[in-house]
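Visitor: need a 3D model of the sequence below.
(2 chains)
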Amino acid sequence: MRPRWRKLLADVRAERGRLAALTLAVAVALAALGTVLGAWTVLTRAIATNYLGTRPAEAVLELEADIEPDTLARVRARPDVAAAEARAIVEARVRIGEDWRPLLLFVVEDVTRMQLATFAPERGAWPPPPGSVLLERSAFAFAGVELGDSLEVELDGAQRQFPIAGAVHDPALAPAWQERTVYAYATRATAGLHQGLHALAVDFVGDPDIRAITRAAGELGAALAAEGHAVHEIRIPPPRQHPHQRQMAIVLLLLLALAGFTFVLASVVVATSLATMLARQIREIGVLKTLGARRRQLVALYLALVVGLGAIAYLVAVPIAVAGSHAVSARVAQLLNLEIADAVAPWVFAVLAAAALVVPTTAGLVPVLAAARTPVRVALDSHGASRAPRPMRAWWPVALRNAMRRRSRAAFVLGMLATAGAMFATSLALAEAWRANAAKIRTARHYDIEARLTRAIEREPLAAVRALPGVRALEVWGHRSAALERVDGIDVVRTYPDGGHGSFAMMAPPVDSTMIDLPLLAGRRLRDQDDDAVVLNHAAAAMARAAVGGQVTLSLAGRETVWTVVGIVEEVGASGVAYVTPPAYQRVTGTAPAQLLRVVTETVSAQARADILRAIDRALVRSGAAVEQVLPMAELRNAVTEHVIVFVILLVIAAAILAFVGLVGLAAALGTAVVERTSEIAVMKAVGATRRRIARMIVSEAVALALASWPLAVLLSLPATAWIEDLVGRLGFLAPLPFTLSPLSWLGWLVLVVVGAITAAALPARRAAALTVREGLTRI
Amino acid sequence: MHGEPQVDDAITMTHASRHYARPDGAVTRALDDVELAIPRGVFAAVVGRSGSGKSTLMNLIAGIDRATAGSVAVLGTRIDALDEDALAAWRGRNVGVVFQSFQLLPTLTVLENVELPMDLCGTLSGPAARARAMSLLERMGVGDQADKLPATLSGGQQQRVAIARALANDPALVVADEPTGNLDAATAARVVDQLAALTRDGRTVVIVTHDPEVAARAELAVRLADGRLIELVRGQR
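Guide: Sure thing, here's the model as predicted:
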């Protein structure tokens, strides 16, 4: 090996502690970048292969009656129709233990000949034997059943038993545990529905543009109506878009930006550390030049060090990134009910390799070129002395004055620590805000049990429920689905097949309701005399793009009604809801406002509430009420909290990585300060400073920088918290999260940054303390 | 010795000055309007008090520093006209530099330190470079130290290694800045002997010193004061 490369290897051995820390900083930042990029590729492809692989129907037309084979044949023969199938999506109930839970039953003619909104068999019989059903795989654990068990189902007003013949995966649906709903699949023959297969799933020819689909679906609906097949609703969810796809993309983009920022910072830290090393070797560089070394030889020598560091960081980062992206993908896939089959895309490794080699090398070019360009005489005469420090305030503590001698470097370290601290505080504040928002579900709703009915409740069952022991208060509300759009006289809704995502409803609570207390965002609440006034929840306002004072047209079973928006309220954990007074509801729907019961119990015990819930269910069924579902309030809260809390955890991990990189940067900056002040330290020792005193001086400078960065971190966290809480709130709840700060995180960061600074200062302090007077004054 | 460069001159300085601007705006005249010619193959000494400009003169001759005015020609090359890289390459092949504080690279062995100039200038490599380095170390009497790190050697040994390194590329000119400054009298005498002996191969040796005994051994003594050449004395060697 050539002597110059042997010199480089010897330098690496001499600086192994610092270089190991730097390599680790770059590797960790690179691993974070790789984790997010990898998860991105895995999830993007998983959505494509899972969700789009089911070929979700672009539109579902709800007809009044069964779709005859010749009608279906005529639809399929239309030039604008690529595929069409008849099916039914039925809201039923299933018994789980002692409780009745919502069941969504998807019914088709033949499960083996499905073209649209398909699902993949995973276990058990395929096709299911006559009389049996298939269960979505996520529903087994939620329903507490196994293959071969029977489901007790309440369907079309009768209770029936369906053996579970197999498990299927339907990635178009959110997991059953998340939506608190059981998903099952049956053939027409097994389900034996009164109404037959009355839903027409259609895929149109042409681009998946929502306006084109709406237009084509409207024309098809009009054509069917002209043939005597009335269509009462068209469901068109956002085409080719998983219900949570946008949220996932934006959150991953946010994490990607953070990881990228951290990686660039780590590269700048490498450059700073390299500057330290070069400052210490500047006289050696002078000697090398005296012996004939040219600039490009020196540049190649030191850049090889950075390239080597990047290569090792890459090798360390790749397995972490692969494991990290699989862990993140698996968790997100669980949230989205996706099956992960793909590995991280090969281009991710290429991007990481390029980043590992190019970014630190580019950052390292600055100090390397500066050192290589240093004139020989200047390099040989260098004693590590810094330029004259800029003037500073005499009242500053000595440690701060020392730390601030090189303003640009101090600013860099302060900026890095402040950014890390701000991210740390922001992440924890976001978690707090998330919890506070989820808590609003409880604080805004003062009932314990909700019962939904498919038709208005009569006086007798209502009295039966009211008379039950443990029922303290009860309210009866109007409730029915509504549409914001119409095409060719047919209601168009943006609801996904699960019936929840994108849904819109009209509700009529008593004007003096004590069951809800939704915060008013704008305008006023409903009054007794309001007849055409509507109060929208924030999700509905966003969907209708409505403002207070404006008008909104709501279609109810094909009948258009015009309302004046008098208020907008915040309602966490709900889809779009338009609130009207009970008389107005009765006027426009022609039915009594009594499809929803909200009950306050006299107990706080979950077990006692469950008993009351069952008693309500039994009382309603016994008295002939058409029960759709009876749910405890606690389930709504759990479903919301579980939705995306994983992203908050990822944000905290990203902050921890940035903090680590920041502290390595602090160590590098302190190392440079020690090198620059070698002579000064030697003089201090010559006039009596002990090793302990020198070490304390360096450590106190680190602590001074850490303390100075803390108020900056707190200040920076304020706008960052406001921004991210707004963004995440809008993604998760269609409204900003409540602006929540986390003073505990500020205190936590103060402790972390001071302890981290002391740790980061240990090596430079030891080096400074070990410096002898002779070395300091005649150093090469 | 003044006037137009002669073919036989190793070094010719014409109105050479090196001025430094101080932070207060004043100018330090480290070397001022020096006219000097040193013939090839002589052992020359540059003498003067501290701050007289000795090291600055040596830096200009070795191409370590550049004149702010005038010209410097060394071994027939106007080195003030060369760019930084060309100057480094020229210096590596033509000038051997010996420093007062040895300036051996601490992380390389003695042998590797001597191999280094050959590696940087591409003159010899591999076994040939190692053989030449070993032969130079043996010539300087430190061959048995080849595999040691410089810090384990005495000052005299380190300086002899530095001289061996200076000779690695067989330069026609060797300059030494206070090479005996860190050595005891006996060792210093041995080092000066070895430097003086280099002229037997036709090399020019320029040594900066404030030691009158070392100066007395030179064939040519260049005396500086306050950055100006005040005397040029031919010795009796």
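
Visitor: quick check: residues of chain B near chain A?
Guide: B:23, B:59, B:62-66, B:84-85, B:88-89, B:91-93, B:97, B:99, B:101, B:103, B:105-108, B:112-113, B:115-117, B:119-121, B:125, B:165, B:169 (Cβ under 8 Å from any Cβ of the partner chain). Where C-beta positions appear, they are placed from N, C-alpha and C, glycine not excepted.

Visitor: among the residues you listed, which are in helices?
Guide: Of those, the ones assigned to helices by DSSP state H are B:59, B:62, B:84-85, B:88-89, B:91-93, B:112-113, B:115-117, B:119-121, B:165.

Visitor: in PyMOL, select just the buried ones from those residues.
Guide: For the buried members of these, the matching PyMOL selection, counting by 16 or more other Cβ atoms under 10 Å in any protein chain shown, is:
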select buried, chain B and resi 59+62+84+88+89+91+92+93+112+113+115+116+117+119+120+121+165
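
Visitor: around A:Ala765, count how many other residues there are.
Guide: When neighbours are counted by other Cβ atoms under 10 Å in any protein chain shown, A:Ala765 registers 24.

Visitor: for it, give its distance to chain B.
Guide: 23 Å (Cβ to the nearest Cβ, to the nearest Å).

Visitor: you'd agree that residue is in a strand?
Guide: No. If the criterion is DSSP: H, G, I helix; E, B strand; the rest coil, then A:Ala765 is helix and not within a strand.

Visitor: all strands for chain B, in order.
Guide: B:9-21, B:27-39, B:43-47, B:69-74, B:77-78, B:95-98, B:173-177, B:204-208, B:220-225, B:228-234 (DSSP state E).

Visitor: right, and B:His15 touches B:Leu36 too?
Guide: No. Counting by Cβ atoms under 8 Å, B:Leu36 is not a contact partner of B:His15; they are 10.3 Å apart.

Visitor: for B:Arg40, list the residues it contacts.
Guide: Neighbouring residues of B:Arg40 by Cβ atoms under 8 Å, 6 or more residues apart in numbering or on different chains: B:Asp8, B:Asp9, B:Ala10, B:Leu75, B:Ala172, B:Gly202, B:Thr204.

Visitor: excluding chain neighbours, give the residue nearest to the residue in chain B positioned nearest to chain A in space.
Guide: Among residues of chain B, the one nearest chain A by Cβ to the nearest Cβ turns out to be B:Gly92. It sits 1.7 Å away. Leaving aside its sequence neighbours, B:Gly92 sits nearest to A:Gly292 (Cβ to Cβ, 6 or more residues apart in numbering or on different chains; 1.7 Å).

Visitor: I'd guessed the residue of chain B closest to chain A sits against A:Gln297; true?
Guide: No. If you go by Cβ under 8 Å, B:Gly92 and A:Gln297 don't touch, sitting 10.3 Å apart.

Visitor: shared neighbours, the two?
Guide: In contact with both B:Gly92 and A:Gln297: B:Leu120, using Cβ under 8 Å, 6+ apart.

Visitor: which pLDDT value belongs to A:Val648?
Guide: As predicted, A:Val648 sits at a pLDDT of 69.

Visitor: should've said A:Val627
Guide: For A:Val627, the predicted pLDDT is 83.

Visitor: likewise A:Asp517?
Guide: Looking at A:Asp517, its pLDDT is 89.

Visitor: what about it, distance to chain B?
Guide: 72 Å.

Visitor: can you check A:Val703 too?
Guide: In this view, A:Val703 and chain B are 33 Å apart by Cβ to the nearest Cβ.

Visitor: tell me the pLDDT of the residue nearest to that residue when sequence neighbours are not counted.
Guide: Leaving aside its sequence neighbours, A:Val703 sits nearest to A:Ala757 (Cβ to Cβ, 6+ apart; 5.4 Å). Listed pLDDT for A:Ala757 reads 85.

Visitor: many thanks, I have nothing further to ask.
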